[in-house]
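Novice: Please find the sequence and the predicted model below.
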Amino acid sequence: MSWTDDRVEMLKKMWSEGQSASQIAKELGGVTRNAVIGKVHRLGLSNRTAAAPTPAKPEPKPKSPPPPKAEAKPKPAPKPAEPEAKQPEPAPEPAPAPRPALPARKQIIPAGQPLPPQPSANEISPEALAKVSEVEKKAKRISLMELTERTCKWPVGDPATEDFWFCGLPVQQGKPYCEAHVGVAFQPMSARRDRRR
């Protein structure tokens, strides 16, 4: 439904008469109440407090004369309150079952505190390190803004210095890094277990 000039004029007329958005939508047909409200606001018609007709006050009905007063009769004395029967005390609710113990969460380190020791380079095989250093010599050395889903996202250097970059070589399918950096980042479970011993 489009707002033709005729429909807009009809909307303005009905709005100035004080009809509700629902009534206008029903009369126009093909529009919702919300569409009418939106059009009213776009046309700048939303303030109609002065244009709204004030409802006529109903005329007061003539009051009928009060009934004649009867002689005041003495009120009967209130009955003495009967003692309430004691209610049996409700049985105490059973204690909730204890929750199973959850595994301890890792401690959150506040900002500015040194990180706990990370796995050092000597835990990575010398072959993998040699391969990484060779690859980093051939790396594209791209910035954060140049990263795409097809570029290796391995960070090199200190982010606080200007000599910080990302590898940028083509990634291994399904991984965020190139083949050499995947070899360092994703190590087989058995190799990790052997290092812990």
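Specialist: Thanks, I have it. What you see is a predicted model; the values in this text were computed from it and never measured.

Novice: Okay, and the residue nearest to Lys131 when sequence neighbours are not counted sits in which element?
Specialist: Setting aside the residues directly before and after it, Lys131 is nearest to Ala180 in space (CB to CB, 6 or more residues apart in numbering), at 4.7 Å. For the C-beta atoms, the positions are set from N, CA and C on the backbone; glycine is no exception. Element membership of Ala180, judged by DSSP states H and E, is helix 179-185.

Novice: residues making contact with that helix?
Specialist: 124, 128-129, 131-132, 134-135, 152, 154, 167, 169, 172, 175, 177 (CB atoms under 8 Å, 6 or more residues apart in numbering).

Novice: From those, which shows the smallest pLDDT?
Specialist: For the contacts of helix 179-185, the least confident position by pLDDT is Ile124, scoring 65.

Novice: List just the nearest of the contacts of helix 179-185 to Pro96.
Specialist: The nearest member of the contacts of helix 179-185 to Pro96, counting by CB to CB, is Lys175 at 46.8 Å.

Novice: can you tell me how far the closest one sits from Val156?
Specialist: Shown here: Lys175 relative to Val156, a distance of 17 Å by CB to CB, to the nearest Å.

Novice: And for Pro170?
Specialist: In this structure, Pro170 and Val156 are 16 Å apart, going by CB to CB.

Novice: repeat for Trp15
Specialist: From Trp15 over to Val156 the distance is 66 Å, taken as CB to CB.

Novice: immediately after the helix or strand containing Met14, which helix or strand?
Specialist: Secondary-structure assignment from DSSP H and E places Met14 in helix 5-16. Stepping forward along the backbone from helix 5-16, the first helix or strand reached (DSSP H and E) is helix 21-28.

Novice: Run a quick neighbour tally on Gln187.
Specialist: By the measure other CB atoms under 10 Å, the count of residues near Gln187 is 16.

Novice: let me fix that: Gly168
Specialist: For Gly168, the tally of surrounding residues (other CB under 10 Å) stands at 22.

Novice: and it, what does it touch?
Specialist: By CB under 8 Å, 6+ apart, the contact list for Gly168 reads 139-142, 146-147, 151-152.

Novice: Most neighbours out of those, which is it?
Specialist: Busiest of the contacts of Gly168 [other CB under 10 Å] is Cys152, holding 25 neighbours.

Novice: The protein: strands as residue ranges?
Specialist: Applying DSSP state E to the chain gives strands spanning 155-156, 165-166.

Novice: Thank you kindly, that will do.
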